[in-house]
Structure formats: structure tokens, C-alpha cells
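A.B. asks: with the sequence up front, the predicted model follows.
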Amino acid sequence: MALSGMRGLSVFISDIRNCQNKEQERLRVDKELGNIRTRFKNEKGLTPYEKKKYVWKMLYIFMLGYDVDFGHMEAVSLISAPKYPEKQVGYIVTSCLLNENHDFLRLAINTVRNDIIGRNETFQCLALTLVGNIGGREFSESLAPDVQKLLMSSSCRPLVRKKAALCLLRLYRKNPDVVNVDGWSDRMAQLLDERDLGVLTSSMSLLVSLVSNNHEAYWSCLPKCVKILERLARNQDVPQEYTYYGIPSPWLQVKTMRALQYFPTVEDPNTRRSLFEVLQRILMGTDVVKNVNKNNASHAVLFEALALVMHLDAEKEMMSQCVALLGKFIAVREPNIRYLGLENMTRMLMVTDVQDIIKRHQAQIITSLKDPDISIRRRALDLLYGMCDVSNAKDIVEELLQYLSTADFAMREELSLKAAILAEKFAPDLSWYVDVILQLIDKAGDFVSDDIWFRVVQFVTNNEDLQPYAALKAREYLDKHAIHETMVKVSAYILGEYGHLLARRPGCSPKEIFCIIHEKLPTVSTSTIPILLSTYAKILMHTQPPDKELQSQIWAIFSKYESCIDAEIQQRAVEYHALSMKGAALMDILAEMPKFPERQSSLIRKAEDAEADTAEQSAIKLRAQQQTSNALVVTDQCPANGTQAVNPLGLVKVPSMSNAERSNAQQGATHANGALTVVDPQLLSTPSPDLLGDLLGPLAIEGPPGTGPQIESRMASDLEGGANADALAIAPVEEQTQTVQPIGNIAERFRALCLKDSGVLYEDPYIQIGIKAEWRAHHGRLVLFLGNKNIAPLSSVQALILPPSHLNMELSLVPETIPPRAQVQCPLEVINLKPSRDLAVLDFSYKFGTHVVDAKLRLPAVFNKTAVEAARSGQRCKTYATGEMANLFISFRMMVCPGLDPNTNNLVASTTFYSESTRAMLCLVRIETDPADRTQLRMTVASGDPTLTFELKEFIKEQLVYIPVPSRAPNPGPPPNPTPQALPTSPNPSPPSAVSDPGALLAGTVGEMNNTMHGLGWRE
């Protein structure tokens, strides 16, 4: 930048540098901006020199961090100046002040194009630099053909062609359509024959971007890339200016090996042999030297070569050589090299048959845990976690437990989690696992998550042989003077359930166990007191014959907490006090907790914290993470005891799941709403990263539903516009063709969310949208979880809520970009104004690479969400004659009221509906059935509001027709003759059945009516 002769600019810079404080600088800048603005208003009197000077001042002010919101037109106008000094200023200032979406750039497109196709190479370089920095979609559509011609031109100097390649790379990233795949594969191969290393390096950057999106079209480039590596490895025809500390063009070597990693394999044996010779030469020729710059360059090439070796699945001998080389690096003094050695050895764990070789360096890796650099300690921890198996689990876990006492606080939580997972996965026996977890809680209680002690409780509960040992160890830890509150929780739980197994041991009588636990009560928080109260109730129950003194002590504690301000503590104290008066019945009421069902550990889903991906990460990792996730995700498979893997384990805690879900779990039914999903056992043994499992954690997220005959039949049905309603689940905008297909049945996902408050709304290979809802009266809060499943960001993200007239909805700001492997939570506030069944629609769109996805998704803010949820009472549905139908209405948040109708074949349900217009409005529903005639039923709906009555009736009708039914053979017999009083019958009614269950009657009736409304009689 030649500023000689611009005295005014030099004086201004000098004044800025001489300012004593920030306030003086701001005043001087404001004065200068006012002067520039005044001069620009009289632009006709400005000479080219003055305009250039003032634009330079604007750029300097902008570089100081001040906003420059004027003068952009003057900067752009300088681009069309005929002389180089003014044109240079225009290009530089425009590149700095404007972005690709600025309107003024459109005015410069023609001028920039004229400079590109002109004969002046200097002007060509200026124009290409501008486009390469801020070129957007409009530039790509207008200038891409000219830039391509310039790149392929043999008459242009290498300097111009090099800039043209980088400029085309920018345009391709903004608009991939500018590069025609069919025509460019041959052109790209021609560019790789270029002898000038500058043009070749820029062209290789372009190739990396092209093959990352479509490697199939560029197979002809693969052997040429290998030849380039051979040329560089042998240092043939490499100019001195491209040799960096004796290494021939390390940047080109790295880019070439990066491009090769996007090809699945090297099929030609000669090419493969040549490539492995080059890689062998790189591995043998790299060593640690004192020169830092040479180390950086050589190791950049080496580690890219290691990534390529892993990608090509080389012979075991070469893999062993790679591990041995990395073993040298983790033993040197230079921390950067040690870090890279540990990181790449962790990557080597992905390759089979090298784990045993890596284990030889276990002692050195454990030593790295004590390194002063925390980043090295983290990499050593990751490597130890990855290389652990049954053979070395004890040694590694013991080392981790020893290191836990001296580890940094920033690492203790991750360290505790990984030690717990390793102990669970590779425990030689369960007693060792209990020892490890209790030691973990004892040494790092503040950093042990609840999931860890939940898990040990599950193991102890499910293994009877382990229960006496666990109870004894818990008793020993309680003898310590000061223990962590988490240890009090787990010890109290285990001793409450299984302390009676130690009754014959000295010091383990019920009274002694009560006393030692009660000593900890003053030191714990209110969240632990409910667990201790449950333990006291269990001890009282197991004390046979009753100990009057112990009984009075525990009753006094219950009486004390009956007036506690905390609702949970107060409720437990009152209930336990009342239950303890039941005498012998207490044994049945407080019976031992049943076994937990086998399920995927919640700890394993938290195994590794996702690290930010950088541009320097190997392409093999990039390709692996871009694959579509087929991971197993937890569904609503309801455990027998009703607890969830991540819920606190109260001793007699009422299950939080709905009665309908519990009943369905016991019956083993497969429901259309996705509440129960049959999971392929092969998926359980195939771990794969699943984003939403990490995002939503405790939410019960359903996996992609199967496409069985029932789903196909339901999708084919056309019930009063039901097909059109399903079509609204996802609809493309305008005429755009969706190349990205959703995973699973969108309509089924929506239907499932109508009956529960959390789950997956939409999923495709790039994003997963989950919902968690909470409803109180007519107010609701939905949280949308937008999870990016890939390491590339999702751009142009937009979410627009299209609410119906009866809902007032407000969505928080949705970011335009979702970072890689990240989650975005978007709260949505909902207020129900009046009764209506109209649905809100989420208009959601995003862009991933070349794919633009636009979907309209129905939101589960449906009619029954603002009704009182009957399941909150914790009352299990009894075995009525109408059991299945009762459970169905409970899923609608309606309370089944037995005994109100003297006819046992009828069912009466009630609910309280909330809205701003109706406030709290009681609604009653009666279903009348006739076991002798399975072709009809009658429903009566009543409420204090006519609109509410009609909407509730229609809602129940819509839900009833979606009851899943097993496919059955058509009835060969003639239909029965309807009576004059009967409601209209279906065309193919089923014969009478011996089963008198109206729930089965309803399911059979709906299935036989082929999803039509003619077989149901409705009365308001």
C-alpha cells in the first residue's frame, strides 16, 4: 500500500497514535468522519486523489473498530477508475467494508467482469482477489464461466491462473452448480499435469472441495495425485522457492493426501504400490529435530500420511510401524509433538489389529496423565479410555482412581464418568464394579453425576448374589466421619433395601443401621432427606418382631417432617407415618423393588464430550462423521417398575409413566403412535453416534418406526380427509423437489406426540427435531431441540410458526446457522384461547451443502393437551370390563369414572378443559356398547360450552379411528340384519365374538369398517 504523497492521511494516522486515551481517539475519529461526510456530499468537486485519500481514511477508521456506514458508493465507484492507484484502492476497501450480500456489489459486477476478461494482468489479479474474498451467489452466476476460461487458459501467467483457481473455489462453495461435473472431470485431470507448483497447489485445493461432494466423477484424478506425491517425495523438479526447510512443498503434499482420503480405495495395483512406497518413504524419513519450523512442516505431512494409511487399511506391518513412530513422539520433551502423538494414536484405535500394539505403550501413556499441560492430560485420558478392554481394565481403572485424587477440577467430572463406564463395560465380576463405583463416589463425590449411582443401584437390584456384599460395603463407608452426600444417598438406598441381609453380623442390627444413617441427616440437603425417610420406612418394615423403641424414634422423625415446607418431604413423611400404622400389611406395601429391565446404559451415551471439529482434522474422520446415523435410540419401552434410566430411584416412588403406557408395556402391544417399538437386536451391537440421544438425554426419543403392513394400510386409508392430513405432516415448498427424504413416518411421529409430551417430530440424514412439552392449564411451553447430526454446519435455518386462530404462540429466535454436532433449543410459548381442533404448523427450512430442505410440520399442540392429565394421580387403571377403552381415554388425559353407569358394558370418563374463554370447564363422556352387537356404539358428550362439546366429540372421533388393529381375513359369512333402532353398520361387519371387551369391540369395529365413519354412531 503506497501512501507516499498523501500528507492528510499521514497526519490523521499520526494524530490517532498520539491520542492519550480512548475518548480522545473517538473525538478525533468523529471529527474526521464528519469532514469526510461533508466532502462526499460535494462529490463533484473531489479530485480522484482526494477521493482516494478519503477512502483510505475510511478504511483505517474501520480497521480501528469503528462503524463506517457511509462512503460505500464512493469506494465501489473507484473500481471503475482507469488508473491503477484508484482501482487498487477501490478493490481493497470494497473487499474490507462490504460483504457478499451488500446491494452495492451488484453495481460492480460488470466492472469486475470487464477486468477479468481484459488483457491487463494486474487488473485481473485485483478482480479475482475481490471475488475470491467476498464473491457470493450473484457473482458465481455471472463470473464463473469467465473465471473457468482464465484458469484453463495456457496464455495466462501462473500468477493469474493461481488466483483464478482460488476464485473458482470460492464460487463453487457459494454455488456448487457453477461447476459442471461432466465437463470438469477432464479439466481437473488436465490441471493436475501442471508443472508450476503454485497453480498445482491452488488446483489441489479446488479438487479437495470437488471430491468431498462427489468423488465418483473424479476417479481419473486419483493416479495423477499419486504421481504428484511421487514427484514431491523424490524432490524431482521442485523449485527452491517451494522448498520449506528442505521439505518439498509440504502444503501441496498435505492437500494431495487429503484429496486421496475422499476416494474409497485405490483399486489399481500399480497405483496402490506406488502410493504405499511414497507413504513408506514419509514414515521412514520423519524424525524429531531441533528446528521448530521444520518439525511443524514435517509433522503436518506425517500425520496426514498416517490418516491416509488408516483410510487405505494398509498391511499390519505398516500399521505397526505407524504405532511405533507415534510411540516415539509421545516420549519426547516437546509438548506439541507429544500432544499430536497421543491424538493420532487415539485415531489409530479405529483400525483393527493394532490395539495390542498400542497397549505396549500403556506405561508411557499413563505417565502423560501427570503432564503439566492439561491438553496432553486430556488426550492421554481419551487414549486410555479407548484402548481399555477386559485384559487391562483393572490396571487402567486403578490408575484413573489414583489420578482422581490429584486431577484438575476441570477434568474430574470427565474422569469420573469414563472410569465408571470402563468399570461397567469390562468388570471381571460385579463386586469389583461396586468397589470401583463406591471408591469413585468417595474420592470425587462432587463430580459424580447421579447417573453413576443410579446405575450401581440397578446392578445391585438385578443381582441377588451381589446384594449382601453391596450392603456390607455401604455399611463400611458410613463408618467414616465425613463422607460425601452422594455416598449417603447410595448407602441409604442399599441399606434400606438390603440391610436386613446383614442382621446377623455384629453392628448391623436394624437399630444400629438406623442410628448410623440418622447421624448423617443433619448434614444433607433437602434433596437427600426423602431418600432417608424412605430408608427409615424400609428399616421399620424389615424389623421383625417390631422394636418399640426404634418404632417410636422413626415415628417422631416422620411427625417432625410432616410440617416441612418442602412438598416432597412433607408428602413422604405423612404417607410413611400413615403406612407404618398398618402393621403386617406394611410388608406388602413396602415390598422390595422389582428388577430393572435390561436397557442401554445412560452412562454410555455420555461417554465422550464432543470436541469442536477444525479444518485440520483428517478427512477420514470427516467422512466417518458425515455418514447417516443408525444408532439405537431409547424408546418408550416401559420398564416393569415404571422408572426411567435417568430418573432418581426413590424407594417407593410412584411411577411417572401413564397408565396407558404401562398397560401397553405389560401386554406387549405394538402401537401406531410409536409408544412401543420393536428394535432389531443387531442394532444393539453396532454403536453409532446419535446426536439427539446426547441432545435430549432423559427424554424418551423414539427411533424410526418400521414400515410394516399396518403402517402401509393406514397410509393407504382415506378417512374423512385423513390422507390429506397426513400429507400435511411434511410438504415441500412450491415445486421444489426434495432430494433429502425424512427418516421414518412423519404422520406416525406426530400421532405419537399427540398422546405424550416428548419425542421426535422430524428426522432426516442431517437434522433431528425433538420436542419436549409442559402444559399447565391453558398455558403450554414447547421446547424444540434442533440437532445437527453432521460436523458441517446447517445454514439458512429458518423456523416460522403458522398458528391457528385459537392459539397464541411465540417462538424464540432461531439462529440462522446450527454449528456442527450441536444442539439448539428454541422455546415456544403457547396460550390456548378457545376450544378448537385446528393445528399449528411449523414451517422449517435449512440448507446443508447443495441440499435445501423445506418442511411443514404439524405441531402437537392439540386439543387434549390443555385438559387435566388423569395419569398424574398415580392411580393405576383397574381391570374394568372396558379395560382397553379405559386406557385409551386415559391417554386422552381423561379420568375414567367406574361405577357411575350401572351398565358394566358402558364407560364414563371426565376431564377438565382449560382455555382463556372457558376457563376450567368440566367435560363428561359416556360410551355405550352392546356385547351382542359388535357393529355399533354410541358416544354422548356433555359440557357447559356448546363449542367445547362439539370439538371434544370430533377430537375423540378422530383419535378412535387411528386405533391400530391386526390385519384379519375378510369375513366369509353374510352380515347380520340390522335392527330398525341400530345405527348404520359397516359393509363387512365381523361375527359376534365371545370376548366381551368393548375395547376389542371398538378395535374390531374400526378395523372392519375399513377406516370409514359409516359404522360409528355419534350423538352429542
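C.D. replies: Yep, that arrived. Residues are numbered from 1 along each chain as shown.
A.B. asks: only C-alpha atoms from now on, for both contacts and neighbour counts.
C.D. replies: Fine.
A.B. asks: any low-confidence regions in the stretch 351-500 of the chain?
C.D. replies: Where the stretch 351-500 of the chain drops to pLDDT under 70, the residues are 352.
A.B. asks: and if we set it to 80?
C.D. replies: Residues of the stretch 351-500 of the chain meeting the criterion pLDDT under 80: 351-353, 445.
A.B. asks: same question for the stretch 551-700 of the chain.
C.D. replies: Ranges of the stretch 551-700 of the chain meeting pLDDT under 80: 582-593, 598-700.
A.B. asks: and with 70 instead?
C.D. replies: In the stretch 551-700 of the chain, residues with pLDDT under 70: 584-585, 599-600, 602-700.
A.B. asks: you'd agree H102 is in a strand?
C.D. replies: No - H102: not assigned to a strand; according to DSSP: H, G, I helix; E, B strand; the rest coil it is coil.
A.B. asks: for it, grab the count of nearby residues.
C.D. replies: H102 has 12 neighbours, counted by other CA atoms under 10 Å.
A.B. asks: and N18, how many neighbours?
C.D. replies: Around N18 there are 11 residues (other CA under 10 Å).
A.B. asks: I meant to write V814 there.
C.D. replies: Counted with other CA under 10 Å, V814 comes out at 17.
A.B. asks: quick one: low-confidence parts of the stretch 701-850 of the chain?
C.D. replies: Ranges of the stretch 701-850 of the chain meeting pLDDT under 70: 701-738.
A.B. asks: F263 and N213: what is the separation?
C.D. replies: 11 Å (CA to CA, to the nearest Å).
A.B. asks: repeat that for S943.
C.D. replies: For S943 relative to N213 (CA to CA), the value is 60 Å.
A.B. asks: F62 too?
C.D. replies: Here the criterion is CA to CA. By it, F62 lies 37 Å from N213.
A.B. asks: likewise A855?
C.D. replies: Distance from A855 to N213, by CA to CA: 24 Å.
A.B. asks: also K511?
C.D. replies: 71 Å.
A.B. asks: tell me which of these two has more neighbours.
C.D. replies: Taking other CA under 10 Å, K511 and N213 do not tie; K511 has more neighbours (19 against 13).
A.B. asks: looks to me like that one is in a strand.
C.D. replies: No - going by three-state DSSP, the assignment for K511 is helix, not a strand.
A.B. asks: pLDDT wise, what is it at?
C.D. replies: pLDDT, K511: 87.
A.B. asks: so which strand or helix has the closest residue to it other than its chain neighbours?
C.D. replies: Leaving out its chain neighbours, the residue that sits closest to K511 by CA to CA, 6 or more residues apart in numbering is L550, at 6.3 Å. Here L550 is covered by helix 548-561, with elements defined by DSSP states H and E.
A.B. asks: pull out the buried positions in the helix or strand L586 falls within.
C.D. replies: L586 belongs to helix 586-589 when assigned by DSSP H and E. Within helix 586-589, the residues that count as buried by 16 or more other CA atoms under 10 Å are L586.
A.B. asks: so which elements touch that helix?
C.D. replies: helix 529-542 (3 or more CA pairs under 8 Å, 6 or more residues apart in numbering; DSSP states H and E).
A.B. asks: list the buried residues of stretch 515-530.
C.D. replies: Per 16+ other CA under 10 Å, stretch 515-530 contains these buried residues: I516, I517, H518, K520, L521, T528, I529, P530.
A.B. asks: what do you get for stretch 74-83?
C.D. replies: E74, A75, V76, S77, L78, I79, S80, A81.
A.B. asks: what's in contact with that stretch?
C.D. replies: 51-52, 55, 86-91, 93-94, 104-105, 107-108, 111-112 (CA atoms under 8 Å, 6 or more residues apart in numbering).
A.B. asks: just the closest of the buried residues of stretch 515-530 to K255, please.
C.D. replies: Minimum distance to K255 across those is 57.3 Å, recorded for T528 (CA to CA).
A.B. asks: in contact with that closest one, which residues are there?
C.D. replies: E485, K489.
A.B. asks: and it, backbone torsions?
C.D. replies: phi -90, psi -20 (degrees, to the nearest 10).
A.B. asks: do you know how far it is from I569?
C.D. replies: 9 Å.
A.B. asks: now do V783
C.D. replies: 30 Å.
A.B. asks: now swap in H806 and tell me
C.D. replies: 40 Å.
A.B. asks: so for the two, which sits in the more crowded spot?
C.D. replies: A side-by-side neighbour count of H806 and I569, using other CA under 10 Å, places I569 first with 22 against 19.
A.B. asks: these two touch, right, that one and S525?
C.D. replies: No - using CA atoms under 8 Å, I569 is not in contact with S525, being 11.3 Å away.
A.B. asks: just checking, what packs against the helix or strand containing E748?
C.D. replies: Element membership for E748, per DSSP H and E: helix 746-755. Using 3+ CA pairs under 8 Å, 6+ apart, the elements in contact with helix 746-755 are strand 758-763.
A.B. asks: next secondary structure after the strand it packs on?
C.D. replies: From strand 758-763, the next helix or strand downstream (DSSP H and E) is strand 767-776.
A.B. asks: which helices and strands sit right next to the helix or strand following that following strand?
C.D. replies: Per DSSP H and E, the first helix or strand lying C-terminal to strand 767-776 is strand 779-788. If you count contacts as 3+ CA pairs under 8 Å, 6+ apart, strand 779-788 packs onto helix 691-696, strand 767-776, strand 823-832.
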